[in-house]
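Colleague: generate a structure from the sequence data that follows.
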Amino acid sequence: MKPKKRTTIYDIAEKLNITASSVSRALNNRSHVNSATKELILKTAAELNYKRNTLASNLRMGKTKTIGVVVPRINQNFFSNVIVGLEDATYQKGYHLIICQSNESHEKEIECINTLINQHVDCIVISVTVEGGNYDHLQNVIDHGIQLIQFDRVIDELETLKVINDNEQASMEAVSHIIEQGYKRIALLEGPQSLNIFAQRKVGYLRALKKYNMPVEEELIIENAWTKELGAEATRKLLSLPNPPDAIFASTSDFSALGVLDVATAMHIKVPQKLGICGYANEPFTELTSPSITTIDQYSIYMGKTIADLYFQENDNKEVAITPKTISIKPKLIVRASTSRTK
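Modeller: All right, here's what the predicted structure looks like:
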């Protein structure tokens with residue numbers, strides 16, 4: 001079935017045998033149209049199911065009132081909550097979101113960005129993929145005069161507005177808690193060190209070991225264990241060591257921590273008595289596992305609102321050029337059963 005043609009002001013004008021400009025003035029509640037003609041135009045518009053082309057109208061005013069959002073995975077609680085906070089704050093200002101998922105693919109991230117540029121969005125909000133690569137596509141956003149705001153996973157070299165977490169301090173607090181619970185050999189599951197968030201979390205881990213005069217053992221640090229499957233694989237490797245760890249900090253994600261717990265359960269290793277487990281991101285399932293998983297809450301909804309507030313704050317002051325700045329939000333350690341034991 002052929003789709004029905006969208007009604008335009010020209011269709012209304014033709015039906016009433018008047019000018020399109022008269023129709024436009026009436027629909028936009030402008031003067032110079034007598035009340036009888038205006039009433040007839042509005043009635044005809046309703047009969048023809050006319051819908052105002054908001055995008056075209058906003059483009060004529062220099063804004064589309066749309067913000068593009070690019071996240072690695074929409075189904076992760078952290079990213080979905082950032083979108084919730086962002087949408088709540090932008091909707092109140094009459095803005096709408098176009099949401100894209102890169103699915104951790106650098107190539108798809110580039111496609112998302114190009115699509116959003118072609119949609120003439122006013123701003124693009126992005127958390128980059130773990131895959132990495134060059135970032136010419138993000139510079140292209142800036143070159144097109146579109147506001148670019150990075151969050152969580154950011155490219156430090158790009159001078160943009162950024163909203164991040166204090167990953168280093170959060171990791172230090174998490175590992176310090178684990179040590180204070182009496183664990184002696186603490187392994188680290190780390191993400192790609194090319195990404196700022198994972199590099200910072202490793203620094204926090206190392207700072208905690210130094211604070212408590214504990215040695216850094218390279219065999220206890222596993223690279224790129226950032227999914228449930230990779231977390232499980234890393235755990236099997238760690239627990240097969242002659243001197244295995246008695247705690248694992250999955251600094252990459254709670255999904256990685258879930259992989260650790262699955263392996264421990266399969267091997268009949270008691271958690272937290274024999275193995276402590278800590279994740280990162282406070283995914284909803286961490287409260288439901290047995291035992292529940294200690295994690296770090298990144299205040300993701302608040303982060304989304306902060307991104308929106310930053311955008312509106314910077315753009316309200318039209319006479320001053322936007323200066324790159326970084327806002328850091330302090331995460332919170334959520335202590336649960338997976339690390340709570342008697343020394």
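
Colleague: any weak-confidence spans in the stretch 151-300 of the chain?
Modeller: The stretch 151-300 of the chain contains no residues with pLDDT under 70.

Colleague: can you pull out the strands in it?
Modeller: Taking DSSP state E, counting those that start in this stretch, the strands of the stretch 151-300 of the chain run over residues 161-165, 186-189, 221-222, 247-250, 276-278, 295-297.

Colleague: show residues contacting the longest one.
Modeller: Taking C-beta atoms under 8 Å, 6 or more residues apart in numbering as the criterion, the residues outside strand 161-165 that touch it are 147-152, 154, 196-197, 298-299, 303, 306-307, 310-311, 314, 322, 324-331. For the C-beta atoms, the positions are set from N, CA and C on the backbone; glycine is no exception.

Colleague: let's see that with 6 Å instead.
Modeller: Contacts of strand 161-165 from elsewhere in the structure, counted by C-beta atoms under 6 Å, 6 or more residues apart in numbering, are 149-151, 154, 298, 303, 306-307, 310, 326-329, 331.

Colleague: now, which of those sits nearest Phe249?
Modeller: Distance to Phe249, by C-beta to C-beta, is smallest for Pro331 among the contacts of strand 161-165, at 14.0 Å.

Colleague: what number of residues lie near the closest residue to the closest one other than its chain neighbours?
Modeller: Spatial nearest neighbour of Pro331, excluding adjacent residues (C-beta to C-beta, 6 or more residues apart in numbering): Ala170 at 4.1 Å. Under the neighbour criterion other C-beta atoms under 10 Å, Ala170 is assigned a count of 22.

Colleague: isn't Ala170 right up against Lys330?
Modeller: No: under the contact definition of C-beta atoms under 6 Å, Ala170 does not touch Lys330, with a separation of 7.5 Å.

Colleague: for the residue positioned nearest the centre of the chain, which non-adjacent residue is spatially closest?
Modeller: When the chain is reduced to its mean C-alpha position, the closest residue under C-alpha atoms, centre = their mean turns out to be Phe79, at 3.9 Å. The shortest distance from Phe79 to any residue that is not its chain neighbour, by C-beta to C-beta, 6+ apart, is 4.2 Å, and that residue is Val71.

Colleague: is that neighbour in a bridge, and if so with what?
Modeller: Here Val71 sits in beta bridges with Gln101, as judged by DSSP bridges.

Colleague: could you count how many residues lie near it?
Modeller: The local packing count at Val71 equals 27, with neighbours defined by other C-beta under 10 Å.
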